[in-house]
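S.K.: Got a sequence here, can you build the structure:
(one chain, ligands or ions: 1)
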Amino acid sequence: MSSVDFTGELTGRRVVLGLSGGAACFKAAELCRLLIKAGATVQVVMTEAACRFITPVTMQALSGRPVLVSQWDDREPNDMAHINLTREADAIIVTPASADFIAQLAQGRAGELLALLCLARPMARVPLLIAPSMNREMWAHPATQRNLHQVARDGANVLGVGDGEQACGEVGEGRMLEPEELMGELIACFTPQSLIGQRVVITAGPTFEAIDPVRGLTNLSSGKMGFAIASAACEAGADVTLIAGTVARATPRGVERVDVVSALDMQTAVVSAVADADIFISAAAVADWRPADLAEQKLKKDGSGHVPHLTFVENPDILSGVAHSPRAQAGDLFCVGFAAETENLRANAQAKRARKGVPLLVANIGPATFGRDDNALLLVDDEGETELPRASKRALARQLITEIARRVSGVDA
Ligand code: CTP
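M.R.: Just a heads-up that it's a prediction; the model follows:
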């Protein structure tokens, strides 16, 4: 089951989903389900070998369309499935791509419909994504690596592989990427590369301020918005570092993650990461205060009914510190702050933007966003206010990245 909700993210997109032979064909079934849920039209094409691993009936049921296997298919009025399919497609993804199939592509062979349509695709318009899957020895073999290199040189987007337990019982590189990761790759290939070459640092989630070895203070931030922004920035071509507070969320593919606990930890990680960054997005819910003293042992009840009295010290304001740094002041680091408010959103947002010294502040109502999958945002900058109406956090994250890219580059994405 996917932990990310892709609903509607590929509405109107036409995807040819190609399967060659491999035990990972079962993952292509899940990918097909996710694609349909995301709103894509999916045409499945299978090789003869793929049909030995999973039946076309399964793929037909999931895609809602008859599966094509042969190039000699008289259901196609002109009997030219390879032309019809590729002229109508927005993208082709071959998953799993076996060692043999990759060798066919490298040689430009067209013996089966799937290889034939890859060769016939209009290269300038229809991206071809290849998700390899094979035993670790086959993966490491120089012939496979040579073929993959050739296929990439010929214009395909060759995706990586996972490392771990394989169907054959061996352990190593060659596992096919997970359906959720493949969805991310497909979405990225439809996303304008508005942040290409930009280094982006994002903080997300709550911090945890320890009271004693087993207790602490934190808040209800889920990290969903910050993680969605990291994912959207990555899809837009940025080089992303995500500094995550205490949340157990999957790291978006392609994102470098640094885990931290307290506000002080987060500050250290941020200061080091922004040294050569172009954009800093502070989405974390940083605790404003921490206990002045950390008890070395667990605080115990003594039976008298007396409660411990905690004193607090203020945490550093990480965002304000970065926004007032020489690089940010010189315009080399574009800083974006968030504001979690419970009332007077507009007035508080304006005041916070001035206080933090950031060019762009993104305001939201804390209780209406913490832990939820959707949100509504108010962007405040020199130009005035822009409302991003309630939508999924993933959709909002994409809109926010477009807004940031426009401000950084001065060009509409
Ligand atoms: N922030 C920060 N360091 C802190 C507190 C907040 O970097 N010690 C950042 C947050 O990541 C966010 C912005 O500052 O981008 C505003 O956070 P918010 O919690 O809304 O505001 P506070 O600065 O804590 O102010 P207040 O509690 O008065 O609303």
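S.K.: Not counting its neighbours along the chain, what's nearest residue 370?
M.R.: residue 220 (4.1 Å; Cβ to Cβ, 6 or more residues apart in numbering). For the C-beta atoms, the positions are set from N, CA and C on the backbone; glycine is no exception.
S.K.: contacting residues around that neighbour?
M.R.: Residue 220 sits next to 206, 285, 366, 370, 371 when contact means Cβ atoms under 8 Å, 6 or more residues apart in numbering.
S.K.: Rebuild those as CSV, extending it with pLDDT and neighbour count.
M.R.: Listed next are these as CSV, based on pLDDT from 0 to 100; neighbours: other Cβ atoms under 10 Å:
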residue, pLDDT, neighbour count
206, 97, 23
285, 95, 23
366, 78, 14
370, 77, 18
371, 76, 10
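S.K.: restrict the residues you listed to those near the ligand?
M.R.: Restricting the contacts of residue 220 to those within reach of the ligand (Cβ under 6 Å from any ligand atom) leaves nothing.
S.K.: what's the closest of those residues to residue 216?
M.R.: The closest of those to residue 216 turns out to be residue 206 (Cβ to Cβ; 10.3 Å).
S.K.: Find the nearest non-adjacent residue to the closest one, please.
M.R.: Spatial nearest neighbour of residue 206, chain neighbours left out: residue 221 (4.2 Å); criterion: Cβ to Cβ, 6+ apart.
S.K.: Identify the residue spatially nearest to the closest residue to the ligand within the stretch 1-150 of the chain, adjacent ones excluded.
M.R.: Closest residue of the stretch 1-150 of the chain to the ligand, Cβ to the nearest ligand atom: residue 4 (23.3 Å). Closest residue in space to residue 4, ignoring its immediate chain neighbours: residue 180 at 5.8 Å, by Cβ to Cβ, 6+ apart.
S.K.: ok now do that neighbour, which residues does it touch?
M.R.: Contact analysis of residue 180 by Cβ under 8 Å, 6+ apart lists 2, 3, 4, 34, 250.
S.K.: and the third one, what does it touch?
M.R.: By Cβ under 8 Å, 6+ apart, the contact set of residue 4 is 180, 183, 394.
S.K.: what's the following helix or strand after the helix or strand containing the second one?
M.R.: For residue 183, the element it lies in under DSSP states H and E is helix 179-189. Towards the C-terminus, the helix or strand next in line after helix 179-189, according to DSSP H and E, is strand 199-204.
S.K.: which outside residues touch that next one?
M.R.: Around strand 199-204, the neighbours that count as contacts under Cβ under 8 Å, 6+ apart are 223, 225-227, 229-230, 233, 238-245, 247, 266, 270, 273-274, 276-284, 286, 318.
S.K.: so what's residue 139 up against?
M.R.: By Cβ under 8 Å, 6+ apart, the contact set of residue 139 is 99, 132, 161, 172, 173, 174.
S.K.: And for the second one, nearest residue in space, chain neighbours not counted?
M.R.: Closest residue in space to residue 132, ignoring its immediate chain neighbours: residue 97 at 4.9 Å, by Cβ to Cβ, 6+ apart.
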